[in-house]
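> would you be able to build a 3D model of this:
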Amino acid sequence: MTTAALPLPNATTPLLAVEHLTMRFGGLVAVNDVSFAAANRQITAVIGPNGAGKTTLFNCLTGFYSPTIGRLTLRHPDGKTFLLEQMPGYRISQKASVARTFQNIRLFGGMSVLENLMVAQHNKLQNASGFTIAGLLGLPSYRKAEQQAVDLARYWLSRVRLLDYADWQAGNLPYGAQRRLEIARAMCTEPVLLCLDEPAAGLNPRESGELADLLTFIRDEHGIGVLLIEHDMSVVMSISDHVVVLDYGRKIADGTPHEVKNDPAVIRAYLGEEEDEELPPEVAKDLEGKGV
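Got it, this is the predicted structure:
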């Protein structure tokens, strides 16, 4: 559902507003009355122990699940508003411009690196082809759209340092390169909101640092709102503008990285400490060493 006649959002209007989101599977409540906002041109991290409901939340936002209760409002910078909970999944990507990556890599392994990025632009090319007619006839309008798609793919391959591997089969790339390719593919859809589900999983420290640089580039240079699920706290705390913490499906903290890391409820959820106890010295020293 979209309402294009709404006034342009002001500086305080969130890009994404999650209101009272609840997701039940029979008697299991995976997400329980969660509300938070994510701003445009910011990185919002959703963290929490395993089983906290983070991926279920993402599945609701991207149309894999229909929430039991709740409203998910996406407001584009141009004023268009989409109620994601009322849209089928393919429309969330196609019309609301929400892109997503997954915990497990989902590239087209038998296609080339370049072809993976061209497939991401299928909707634009299909529209430009007039549903194949202009493409079959090789009309100038389609050739122009096709060249623009190739240029966009080459741009993102350059940004993720994979331009020299454009002709490789995607499945033959090293693991870290496949992670970067997934993000490049998502960016080729030209999203308003980029949702990343554990993009640092399986990366070594150098690769995690490169990932952090890439995400800050996307935020700062392309003005994209990023919603991030991540267990690597060195990445989360170094690049996030806003952190939301879930535990057993409930939101237990919401604020800046500094506020969240010092929240007693967060410390207890991760470490099992009493609320009035401080972080163990070795943990506090490790966090300080990572710039937290």
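
> just want the most central residue of this protein.
residue 195 (1.4 Å; CA atoms, centre = their mean).

> beta partners for that residue?
Beta-bridge partners of residue 195, counted by DSSP bridges, are residue 100, residue 227.

> where does the stretch 51-200 of the chain dip in pLDDT?
For the stretch 51-200 of the chain, the stretches flagged by pLDDT under 70 are 125, 127-142.

> now with 80, please.
Along the stretch 51-200 of the chain, segments meeting pLDDT under 80 span 123-143, 145.

> what segments of it are strands?
Assignment of strands within the stretch 51-200 of the chain using DSSP state E, counting those that start in this stretch yields the ranges 69-75, 81-83, 98-100, 193-197.

> can you list those strands in JSON lines and add distance to residue 264?
For every residue, glycine as well, the C-beta is placed using N, CA and C. Below are those laid out as JSON lines (distance: least, CB to CB, whole Å):
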{"stretch": "strand 69-75", "distance to residue 264": "27"}
{"stretch": "strand 81-83", "distance to residue 264": "36"}
{"stretch": "strand 98-100", "distance to residue 264": "33"}
{"stretch": "strand 193-197", "distance to residue 264": "28"}
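
> among those strands, which comes closest to residue 149?
Proximity to residue 149 (CB to CB) singles out strand 98-100 among these, at 15.7 Å.

> which residues are in contact with the closest one?
Strand 98-100 has contacts (CB atoms under 8 Å, 6 or more residues apart in numbering) with 58, 61-62, 74, 84, 92-93, 186-187, 189, 191-197.

> tell me which stretches of the chain form helices.
54-61, 89-94, 113-119, 122-128, 133-137, 140-159, 175-187, 205-222, 233-239, 257-261, 264-271, 281-289 (DSSP state H).

> and the ones you listed, which is most packed in?
helix 54-61 (a mean of 23; mean count of other CB atoms under 10 Å).

> distance from the chain centre to it, please.
The chain centroid and the centroid of helix 54-61 are separated by 11 Å, computed with CA atoms, centre = their mean, to the nearest Å.

> ditto for stretch 30-47
Distance, stretch centre to chain centre, for stretch 30-47: 11 Å (CA atoms, centre = their mean).

> buried ones in it, by neighbour count?
30-32, 34, 36-40, 42-47 (16 or more other CB atoms under 10 Å).

> return the residues in contact with the closest residue to residue 171 other than its chain neighbours.
Spatial nearest neighbour of residue 171, chain neighbours left out: residue 109 (2.9 Å); criterion: CB to CB, 6 or more residues apart in numbering. By CB under 8 Å, 6+ apart, the contact list for residue 109 reads 169-171.

> want to throw these into a markdown table with distance to residue 211?
Below are the contacts of residue 109 laid out as a markdown table (distance: CB to CB, whole Å):
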| residue | distance to residue 211 |
| --- | --- |
| 169 | 23 |
| 170 | 18 |
| 171 | 20 |
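
> let's see if you can find the most crowded of these.
residue 170 (24 neighbours; other CB atoms under 10 Å).

> this protein - how does it break down into domains?
1-97+191-261, 107-188 (automatic domain parsing).

> need those in TSV with distance to residue 267, can you?
As requested, the domains of the chain are exported to TSV (distance: least, CB to CB, whole Å):
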stretch	distance to residue 267
domain 1-97+191-261	8
domain 107-188	30
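
> still on that earlier bit, doesn't residue 62 make contact with the residue nearest to the centre of the chain?
Yes. Between residue 195 and residue 62 there is a contact at 6.2 Å, judged by CB atoms under 8 Å.

> check the burial of residue 244 by counting its neighbours.
Neighbour count for residue 244, taken as other CB under 10 Å: 25.

> wait, doesn't it sit right on residue 257?
No. Using CB under 8 Å as the test, residue 244 is too far from residue 257 to be in contact (11.3 Å).

> related to what we said a few turns ago, format the helices of the chain as JSON lines; extra columns: distance to residue 100.
Formatted as JSON lines, the helices of the chain follow (distance: least, CB to CB, whole Å):
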{"stretch": "helix 54-61", "distance to residue 100": "7"}
{"stretch": "helix 89-94", "distance to residue 100": "8"}
{"stretch": "helix 113-119", "distance to residue 100": "15"}
{"stretch": "helix 122-128", "distance to residue 100": "15"}
{"stretch": "helix 133-137", "distance to residue 100": "28"}
{"stretch": "helix 140-159", "distance to residue 100": "16"}
{"stretch": "helix 175-187", "distance to residue 100": "7"}
{"stretch": "helix 205-222", "distance to residue 100": "14"}
{"stretch": "helix 233-239", "distance to residue 100": "18"}
{"stretch": "helix 257-261", "distance to residue 100": "23"}
{"stretch": "helix 264-271", "distance to residue 100": "25"}
{"stretch": "helix 281-289", "distance to residue 100": "29"}
